[in-house]
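# Have a look at this prediction, sequence included:
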Amino acid sequence: MTVWQHLKRPPWRTILLLFAILCLLGIAYLAWSPGKRIRDGRHDLRSNGIWIQHGWLGDDLWFQRNQKDKTLFRNDQKIQELADLLISHGVKYVFPHVCPCNPSGKIAPIDPVQTERFLDHFGDFSVIPWIGGILDIHCSPKSKQWRINFISSVVDLLETHPRLASVQLNIEPMPTGNTDFLTLLDELRQALPDGKILSVAAYPPPTRWHPFPDVHWDESYFGKVAQRTEQIAPMMYDTSIKLPKLYQHLMSKWTSDVLNWSGDTQVLLGVPVYDDAGVGYHSPKVENLQNALLGIHAGLNKFRPLPKNYTGVSIYCEWEMDQQEWDYLKKEFEKIP
């Protein structure tokens, strides 16, 4: 058959073939079950985490800049309501936002009276301020003087408020292999007062679905960070994935990977509940509590028994959680007393 004759053939055969392939792919996707529903509470150790908003510890200038109402936070009743809500859902680790730091290295200021008021109500929790900022804008770990200023500021915070369990470091983006970050962790670990844990908001493993090394850590680097900390909370979201089951599958794989890569370091699996629709890296219809938990259940179900370093999930974030999501968490994850 000549090329001309081939081009003159009716296209229906090709169209039918493509249609059949698409149908098979659709059927395969519908039949695929990468997530797992588990409702008996076996994966809830009542030691979960949550990132909470800046206003709970923030200073007056933060409220002025952001036109926020201080009475929503500096209020004993409101603080106790938050504590009661979190403890009822098995939350133990609370990460108040204290970002970004000053470019010179000084961490964001907080209100000392409010901080002590907050700690009065959170005696049953580990309160770990979440500190850091944007790499090369707020944070310069390659600079020795910046590290000195930053660490001094952290030590001052923990000595002023000794009931704080310690700090969680979050610098974004942080490319895999960055040795300056490891140096900062070493120096910070050495300077922390006795009994304080060092936590890191970490990046998840690489994936072909989101190939950006600035926001993924390979196994070697993930392990090096974990070795320098007592707690690691991988942020398992912002993948740009558009298919729910693909995200469930990735969450399952990431769950087993980070637990295997973390050694003896505590692991809190970060799950998304925020609604930043319209940004290219996050789809709330895909990256949400439901799909995240389905994937985590599937990943954890591969272990018998659960790994000793598994601590729970950590919710990002408190200010985006609504009653429907709290109800879903209770139904689909929690161990009911």
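Nice, thanks for sending it over. Numbers count the residues shown, from 1 in each chain.
# How about the contacts made by the residue nearest to Tyr203 when sequence neighbours are not counted?
Excluding the flanking residues, the one nearest Tyr203 by C-beta to C-beta, 6 or more residues apart in numbering is Trp217, at 4.7 Å. No exception for glycine: its C-beta is placed from N, CA and C like everyone else's. Trp217 makes contact with 174, 176, 202-206, 225 under the criterion C-beta atoms under 8 Å, 6 or more residues apart in numbering.
# quick check: domain ranges of the chain?
Domain assignment for the chain by automatic domain parsing gives 1-31, 41-332.
# want to try TSV for these, with mean pLDDT as columns?
Putting those into TSV (pLDDT from 0 to 100) gives the following:
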stretch	mean pLDDT
domain 1-31	58
domain 41-332	97
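# So which residues of this structure form helices?
If DSSP state H is used as the criterion, the helices of the chain fall at 3-8, 12-31, 60-66, 76-88, 112-121, 144-160, 179-191, 219-227, 244-261, 289-300, 323-332.
# and the third one, what other elements does it pack with?
Same thing as helix 60-66. The helices and strands touching helix 60-66, judged by 3 or more C-beta pairs under 8 Å, 6 or more residues apart in numbering; DSSP states H and E, number zero.
# And the fourth one, by the same measure?
In terms of contacts (3+ C-beta pairs under 8 Å, 6+ apart), helix 76-88 is packed against helix 112-121.
# hmm, who's touching the helix it packs on?
With C-beta under 8 Å, 6+ apart, helix 112-121 has contacts from 56-58, 73-74, 76, 79-80, 82-83, 96, 127, 160-161, 163-164.
# let's see 10 Å
52, 55-60, 70, 73-84, 94, 96, 98, 110-111, 125, 127, 129, 157, 160-164 (C-beta atoms under 10 Å, 6 or more residues apart in numbering).
# From those residues, keep the buried residues only.
52, 55-59, 73-74, 79, 82-83, 94, 96, 98, 110-111, 125, 127, 129, 157, 161, 164 (16 or more other C-beta atoms under 10 Å).
# neighbours of Arg37, just the number please.
11 (other C-beta atoms under 10 Å).
# surely it meets Asn291?
No. Counting by C-beta atoms under 10 Å, Arg37 does not reach Asn291; the two are 11.5 Å apart.
# Can you give me every residue that contacts Lys92?
Contacts of Lys92 (C-beta under 10 Å, 6+ apart): 45-50, 86, 124-126, 165, 268, 311-312.
# Next step: those residues restricted to strands.
Counted as lying in strands by DSSP state E, out of those, are 48-50, 126, 268, 311-312.
# between these, which has the most around it?
Among the ones in strands among the contacts of Lys92, Gly49 has the most neighbours (other C-beta under 10 Å), with 29 neighbours.
# okay, now Val154: neighbour count?
25.
# how close does it sit to Ile107?
6 Å (C-beta to C-beta, to the nearest Å).
# Same check on Gly177?
Counting by C-beta to C-beta, the gap from Gly177 to Ile107 is 26 Å.
# got it, and His216?
26 Å.
# Which one of those two is surrounded by more residues?
Ile107 (24 against 20).
# How far off centre is stretch 229-240?
Relative to its chain's centre, stretch 229-240 lies at 4 Å (C-alpha atoms, centre = their mean, to the nearest Å).
# buried set for that stretch?
Quick answer for stretch 229-240 (16+ other C-beta under 10 Å): 229-239.
# Tell me who's in contact with Gln53.
Contacts of Gln53 by C-beta under 10 Å, 6+ apart are 68, 72-73, 96-97, 317-320.
# Output the buried residues of stretch 229-240 as TSV; include the columns distance to His249.
Compiled in TSV, these are given as follows (distance: C-beta to C-beta, whole Å):
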residue	distance to His249
Thr229	28
Glu230	30
Gln231	26
Ile232	22
Ala233	21
Pro234	16
Met235	18
Met236	12
Tyr237	14
Asp238	17
Thr239	11
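# Skipping adjacent residues, who's closest to Asp186 in space?
Arg228 (6.2 Å).
# Over to Asp264?
Nearest one to Asp264, counting by C-beta to C-beta, 6+ apart, is Asn309 at 5.9 Å.
# Would you agree that neighbour is in contact with Gln266?
Yes. Taking C-beta under 10 Å as the definition, Asn309 is a contact partner of Gln266 at 6.0 Å.
# Identify the contacts common to the two.
226, 231-232.
# Determine which two of the buried residues of stretch 229-240 are furthest apart.
Distances among the buried residues of stretch 229-240 were taken as C-beta to C-beta; the most separated pair is Glu230 and Thr239, at 27.0 Å.
# rewinding a little: what count of nearby residues applies to the residue nearest to Asp264?
18.
# And His216, how close does it get to Trp209?
11 Å.
# number of nearby residues for Val258?
29.
# which ones are touching the nearest residue to it once chain neighbours are set aside?
Spatial nearest neighbour of Val258, chain neighbours left out: Pro234 (5.1 Å); criterion: C-beta to C-beta, 6+ apart. Pro234 sits next to 200-205, 216-217, 222, 226, 254-255, 257-259, 261-262, 267-270, 314 when contact means C-beta under 10 Å, 6+ apart.
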